[in-house]
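Asks: Sharing a model that was predicted from the sequence below.
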Amino acid sequence: MRKLLIGGIVAAVLGTGIAAAPIAADARRVVRTRHTATRSPRRHSSCTIDCLRINQLQTIGTHNSYHIKADADVFGLLQAFSAGLAASLEYSHPPLAQQFGTERIRQIELDVFADPTGGLYNDRHIYTALGKPIDSGIQDLKRPGLKVMHVQDVDFKTQCYTFVACLNQVKRWSDSHPNHVPITILVEAKDDTIVDPANLGFVIPHPFDAAALDQVDADVHKVFAASDLITPDDVRKGAATLEQSVLSGTGWPTIGESRGKVMFMLDNAARGPLYLQGHPSLAGRVMFTNASPGQPDAAFVEDNDPIGIDGLEWQRIQGYVKAGYVVRTRADTDTIQARSGDTTMRDAAIKSGAQWISTDYPSLTDNPFGTRYFVELPGGGVARCNPANTAKTCKIYDF
């Protein structure tokens, strides 16, 4: 993350983006009740595809999946201060249902801010510099609850104002497409302050404390039934720790057991210890933590640069995947690759075997820069057999 300055105001730590491309739609849709499918199975050796485990897939995701580019006047302020910083925010995503549908995304990212009393993020203080009323007039922002945006007061346009609203969008699409492979939701808990030398009244976020982390779990349970979720308890099974289970090779559920379900990952490694308090190996928790291998709660690893200092980080990611962990990486950052057309990072991400490759450009139509840069899985498709942990005979399938 990096600090963003706007009109002499240091705004906030920015996330970076990844590029992905559209992939072939499901060729055959089957009629089924939730999580119980009746289909003509594709074959993988002597087993149906549904016998593969969910860590044996690779899919495309979006970075800051709620994000909409700032309005022209606010964006103009950004450009006036730093064209480069403004350029890093020049991307927008369509509603989540469209991302799951026409863009074939199966991993999204939501940035959440705590607002336990409501109204903390209702006013757009940057509008003072533009001579505009600061009251957003958005009722969802006036009510208590977790809010979804990139940077308060500066980069706040979003497809869904609250965490619950975003989750309801996911739920509606999932219920309408019950045969989908699992959707993974990466949650970034944010409370970064932004320096306000112009005294515009920029918001000081509420600390994302233990109560806020508990609210994430509570909101998930408010929207999704237990049968809709893949949780750490589902993966740990009878093992002493979550890591022991995933390293055993039998911890992650199969695709057949997981169709129509969702799972949640906590982006912030630094918040893992707080989220773990009273929940050893994430017992009773909703989210998997971003943990380092060797820790009892290690199941999910975030490694956002598949190139690394030595150009070989993709090989280390392959090692994590082969061991049994699930990994999120990125194909591009800050619109750089989309502007230049450089596919080095994207290609490294794909061959790394990371289960989720995140992007700001999941289709060619999302790239306005004329380079034809976008990301898709080799051969297309919603998902493919993971190149790092499945046999070469496991080909690309319509999952």
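Replies: Thanks, I have the structure now. Numbers count the residues shown, from 1 in each chain.

Asks: how about the helices of the protein, start to end?
Replies: Counting by DSSP state H, one finds helices in the chain at the ranges 72-81, 83-88, 96-100, 139-142, 163-176, 210-223, 232-236, 242-247, 255-258, 272-276, 313-323, 336-340, 344-352.

Asks: out of everything not next to it in sequence, what's closest to Thr184?
Replies: When the adjacent residues along the chain are set aside, Thr184 lies closest to Gln107, with 4.3 Å between them (CB to CB, 6 or more residues apart in numbering). For glycine as for every other residue, the C-beta is placed from the backbone atoms N, C-alpha and C.

Asks: export the helices of the chain to TSV and tack on distance to Val148?
Replies: Listed next are the helices of the chain as TSV, based on distance: least, CB to CB, whole Å:
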stretch	distance to Val148
helix 72-81	18
helix 83-88	19
helix 96-100	11
helix 139-142	10
helix 163-176	6
helix 210-223	11
helix 232-236	23
helix 242-247	27
helix 255-258	25
helix 272-276	19
helix 313-323	28
helix 336-340	23
helix 344-352	25
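
Asks: With mean neighbour count and distance to Pro133 added, can I get those in TSV?
Replies: Converted to TSV, the helices of the chain look like this (neighbours: other CB atoms under 10 Å; distance: least, CB to CB, whole Å):
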stretch	mean neighbour count	distance to Pro133
helix 72-81	16	13
helix 83-88	16	24
helix 96-100	21	29
helix 139-142	16	14
helix 163-176	18	23
helix 210-223	17	29
helix 232-236	21	45
helix 242-247	22	49
helix 255-258	19	47
helix 272-276	17	38
helix 313-323	19	47
helix 336-340	21	34
helix 344-352	22	42
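
Asks: follow-up on the earlier one: and the residue nearest to Thr184, how many neighbours?
Replies: Per other CB atoms under 10 Å, the neighbour tally for Gln107 reads 25.

Asks: doesn't His63 make contact with it?
Replies: No: with contact defined as CB atoms under 8 Å, Gln107 does not count as touching His63 (9.7 Å).

Asks: what touches both of those two?
Replies: Ser358 (CB atoms under 8 Å, 6 or more residues apart in numbering).

Asks: For stretch 368-383, buried residues please.
Replies: By neighbour count on 16 or more other CB atoms under 10 Å, the buried set for stretch 368-383 is Thr371, Tyr373, Phe374, Val375, Glu376, Leu377, Gly381, Val382, Ala383.

Asks: Run the chain-centre distance for stretch 276-283.
Replies: How far stretch 276-283 lies from its chain's middle: 23 Å, per CA atoms, centre = their mean, to the nearest Å.

Asks: try stretch 249-269
Replies: 14 Å.

Asks: residue closest to the middle of this structure?
Replies: Glu109 (2.5 Å; CA atoms, centre = their mean).

Asks: List the contacts of it.
Replies: Here Glu109 is in contact with Gly15, Gly61, Thr62, His63, Asn64, Ser65, Ile185, Leu186, Val187, Glu188, Asp267, Ser358 (CB under 8 Å, 6+ apart).

Asks: and the residue nearest to it when sequence neighbours are not counted, how far is that from Ala129?
Replies: Distances taken as CB to CB, 6+ apart put Leu186 closest to Glu109, at 4.3 Å, once the chain neighbours are dropped. Separation of Leu186 from Ala129 (CB to CB, to the nearest Å): 32 Å.

Asks: Looking at these two, which is more packed in?
Replies: Applying other CB under 10 Å to Leu186 and Ala129 shows that Leu186 carries more neighbours, namely 27 against 15.

Asks: Could you point out which residue ranges in this protein have low pLDDT?
Replies: 1-47, 197, 396-398 (pLDDT under 70).

Asks: Please, where are all the strands along the stretch 251-399 of the chain?
Replies: 262-266, 287-289, 300-302, 326-330, 356-359, 383-385 (DSSP state E, counting those that start in this stretch).

Asks: Please compute how far the fourth one lies from its chain's middle.
Replies: Chain-centre distance of strand 326-330: 10 Å, with CA atoms, centre = their mean.
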